[in-house]
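Colleague: no sequence on this one, just coordinates:
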Ligand SMILES: [Zn+2]
Ligand SMILES: [Zn+2]
């Protein structure tokens, strides 16, 4: 089981309606069990100065410090309708724990959920419902590995992970049944490095034909986040992009950022026309000045750091490949491989070289050694 903070970073949640969708729920508080809820039964839960107020349709049940809605059938799911603020209903698997926030007037909602059910929800939020099944399995293993590696991220707030991109996007139960099956079929499988530590399972949308070294994007070299040539993503949606900016803007940038002398026509000419045959960290204009592609990507909000620059008269054209930081698994390449019939272990090892897939129970065994 894992605890996920819901509606994290949203407006303060003051009132919700809780409804069991499948299974059966018991409502527990610090005073023990208060009531049983069957499918379709609604209860209203709101923030109150004295605690968490629980009401059914015709009466107030009480005000409590903790309210835990625990599924007691073999499979349980519920719906939350946020009333204050007003949000669309969302459905979730397993349990809901409700607390009052330590210093704000709001409820803290925590989905206490089976790891595989959570992984299925994340896979759908991260990749959408349409890719091939083999890809769902791959993404399930990556999301599970990521969740366990980040397990203590929100400890001070009373849960493990939040439901935002900060940890992993999670909007509740997946709509596609195949995603749930992919999470169950790969249940417990995680990816580790040669020291049996969970890997940093970095991924991005499209690498543009070659993935990046982790040390070129972040600071640390990681042996399994090493650049690989990827022929699978080159015809996919995010393979190419272009951006045009006024030449004066580009030259001013060079002057301010790297103090390039605007009378230095040789270096300027190089900066207005350069090609990145393979992914490079930087480009040397002369003995004093160099361009850093990751920095330029950030400063001009480009889709990737893998681009050429083309002189276009009054403008310069950034002609780029790929979308994202480029480190680790290329999602569009991996999806193409899955469509072509590659298995998820083959795809995983293509992008993360020298890693191992193991079951979580084995991980515990190695840790105890
Ligand atoms: Zn988070
Ligand atoms: Zn790629």
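Modeller: Looks like it came in fine. From a predicted model like this one, the values you see are computed outputs, not experimental measurements. Numbers count the residues shown, from 1 in each chain. Ligands and ions are numbered 1, 2, ... in the order given.
Colleague: my guess is residue 187 meets residue 117, correct?
Modeller: No - Residue 187 is not in contact with residue 117 according to C-beta atoms under 8 Å; the separation is 10.4 Å. Every C-beta, even on glycine, is put in place using the N, C-alpha and C of the backbone.
Colleague: okay, those two: which has more neighbours?
Modeller: residue 117 (21 against 14; other C-beta atoms under 10 Å).
Colleague: elements contacting the lengthiest helix in the chain?
Modeller: When the chain is parsed with DSSP state H, its longest helix is helix 133-149. With contacts taken as 3 or more C-beta pairs under 8 Å, 6 or more residues apart in numbering; DSSP states H and E, helix 133-149 sits against helix 115-127, helix 177-185, strand 189-192, helix 331-339, helix 344-351.
Colleague: what about the shortest one, distance to the chain center?
Modeller: On the basis of C-alpha atoms, centre = their mean, to the nearest Å, strand 189-192 is displaced by 17 Å from the centre of the chain it belongs to.
Colleague: kindly report the same for the last one.
Modeller: Averaging C-alpha coordinates over helix 344-351 and over its chain gives two centres that are 19 Å apart (C-alpha atoms, centre = their mean).
Colleague: list the contacts of the residue in the stretch 251-369 of the chain that ligand 2 sits nearest to.
Modeller: As assessed by C-beta to the ion, ligand 2 sits closest to residue 330 within the stretch 251-369 of the chain, at 3.0 Å. Counting by C-beta atoms under 8 Å, 6 or more residues apart in numbering, residue 330 makes contact with 203, 204, 205, 206, 207, 211, 230, 232, 233, 322, 351.
Colleague: now do the contacts for the third one.
Modeller: Which is residue 205. Neighbours of residue 205 in contact, by C-beta under 8 Å, 6+ apart: 238, 322, 323, 324, 330, 331, 332.
Colleague: how about the first one?
Modeller: Residue 203 makes contact with 142, 328, 329, 330, 331 under the criterion C-beta under 8 Å, 6+ apart.
Colleague: how about the nearest residue to the most centrally placed residue in the chain, chain neighbours excluded?
Modeller: The residue lying closest to the centre of the chain (C-alpha atoms, centre = their mean) is residue 168, at 3.4 Å. Counting by C-beta to C-beta, 6 or more residues apart in numbering, residue 168 lies nearest to residue 122, which is 4.7 Å off, once chain neighbours are set aside.
Colleague: please report how far the residue located most distally from the centre of the chain lies from ligand 1.
Modeller: What lies farthest from the middle of the chain is residue 263; by C-alpha atoms, centre = their mean that is 45.8 Å. Using C-beta to the ion, to the nearest Å, one gets 49 Å for the distance from residue 263 to ligand 1.
Colleague: measure that residue to residue 251 for me?
Modeller: As for residue 263, its distance to residue 251 is 11 Å (criterion: C-beta to C-beta, to the nearest Å).
Colleague: got it, and residue 108?
Modeller: Look at residue 108 and residue 251: by C-beta to C-beta, they are 52 Å apart.
Colleague: so these two - more neighbours on which side?
Modeller: residue 108 (20 against 16).
Colleague: A strand includes that one, no?
Modeller: Yes - membership of residue 108 in a strand is supported by DSSP: H, G, I helix; E, B strand; the rest coil.
Colleague: once you drop chain neighbours, what's closest to it?
Modeller: The shortest distance from residue 108 to any non-neighbouring residue, by C-beta to C-beta, 6+ apart, is to residue 99 (4.5 Å).
Colleague: and the residue of the stretch 1-150 of the chain nearest ligand 1?
Modeller: Proximity to ligand 1, evaluated over the stretch 1-150 of the chain using C-beta to the ion, is greatest for residue 8 at 6.4 Å.
Colleague: give me every residue that touches the closest residue to that residue other than its chain neighbours.
Modeller: Take residue 8 and drop its neighbours on the chain: the residue closest to it by C-beta to C-beta, 6+ apart is residue 162, 3.6 Å away. Counting by C-beta under 8 Å, 6+ apart, residue 162 makes contact with 4, 5, 8, 9, 153, 154.
Colleague: outline the domain layout of this protein.
Modeller: 2-113, 155-234+326-368, 240-321 (automatic domain parsing).
Colleague: ok, the closest residue to residue 175 other than its chain neighbours to residue 173 distance?
Modeller: Closest residue to residue 175 apart from its sequence neighbours, by C-beta to C-beta, 6+ apart: residue 129 at 6.0 Å. Distance, residue 129 to residue 173, by C-beta to C-beta: 12 Å.
Colleague: tell me which of these two has more neighbours.
Modeller: residue 173 (21 against 13).
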